[in-house]
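Student: below are the sequence and a predicted model; questions follow.
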Amino acid sequence: MPTPAHLRFSFRSTLRRYRRDRGGSTIVEFAIIAPIFFALLFAIIESALMFFAGQLLETIAEDSARVIMTGQAQTLPICQMDGDPTPQACNQETFKTLVCSKIPALFDCHRLAVDVRSYAAGFTGVTNPNYVNASKNFVPTTGYDPGGPNSIVVVQLFYQWPQVVTGLGFDYTNLAGNMRLLVATAAFKNEPYIASGAGGAGGAGGP
């Protein structure tokens, strides 16, 4: 029959062997670190994708604004209804369709809002209303006024970008529902195109 001293010696030997055994330490350490690591990785990817989408939206705004600056949107039937290939005059709905035709699959056109405003008082008269209310909801008070020759025009595109990974100091949302409002703006002066008739609609004439 084992003596008490022998039992104590066996228990201490087993405890020392257990403390020296590091076979499962890597798995345990990875299980602790992995959630934080992947959360940080996904946050970096999501942030990079969001900034890329914002830069792409700026390019789309500048490209879409050119048809207004050159007078094509005001004098030529270059816009069309969604699903109708027949060119029509540009208005708020058809101009949005024109903008949507330029955006890649990265965006959902249903989340896109387009605002076109002209100002007679020059660039000093340009004002931007607040499109986000106190409840952090997007208020799309948008319109379509492309102005005429030499008008000051501001084209803005708004897109509600969904955020998946938030918290941990990487919360970029500024709208309710884990959304980030991306805003792209193009401010310019219309070229002195010929307003009456289609002869000068393709581009600008001399000053």
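Tutor: In hand now; what should we look at? Residues are numbered from 1 along each chain as shown.

Student: hey, let's count contacts and neighbours off CA atoms from now on
Tutor: OK.

Student: and the strands in the chain?
Tutor: Secondary structure of the chain (DSSP state E): strands at 112-119, 152-162, 179-189.

Student: roughly how far out does the last one sit from the chain middle?
Tutor: So that's strand 179-189. In this view, strand 179-189 has its centroid 10 Å away from the chain centroid, taken as Cα atoms, centre = their mean, to the nearest Å.

Student: Gln88 touches Pro77, doesn't it?
Tutor: Yes - assessed by Cα atoms under 8 Å, Gln88 is found in contact with Pro77 at 4.4 Å.

Student: quick one on the thing from earlier: need the strands of the chain in JSON lines (columns: mean neighbour count).
Tutor: Below are those laid out as JSON lines (neighbours: other Cα atoms under 10 Å):
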{"stretch": "strand 112-119", "mean neighbour count": "20"}
{"stretch": "strand 152-162", "mean neighbour count": "22"}
{"stretch": "strand 179-189", "mean neighbour count": "19"}
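
Student: nearest to Phe42, out of the ones you listed?
Tutor: Among these, strand 152-162 comes nearest to Phe42, with 13.9 Å by Cα to Cα.

Student: and the closest one with strand 112-119, angle?
Tutor: Here strand 152-162 runs at an angle of 160 degrees relative to strand 112-119 (axes from the mean of the first three to the mean of the last three Cα atoms, to 10 degrees).

Student: let me see the mean pLDDT of strand 152-162.
Tutor: If you average the pLDDT over strand 152-162, you get 93.
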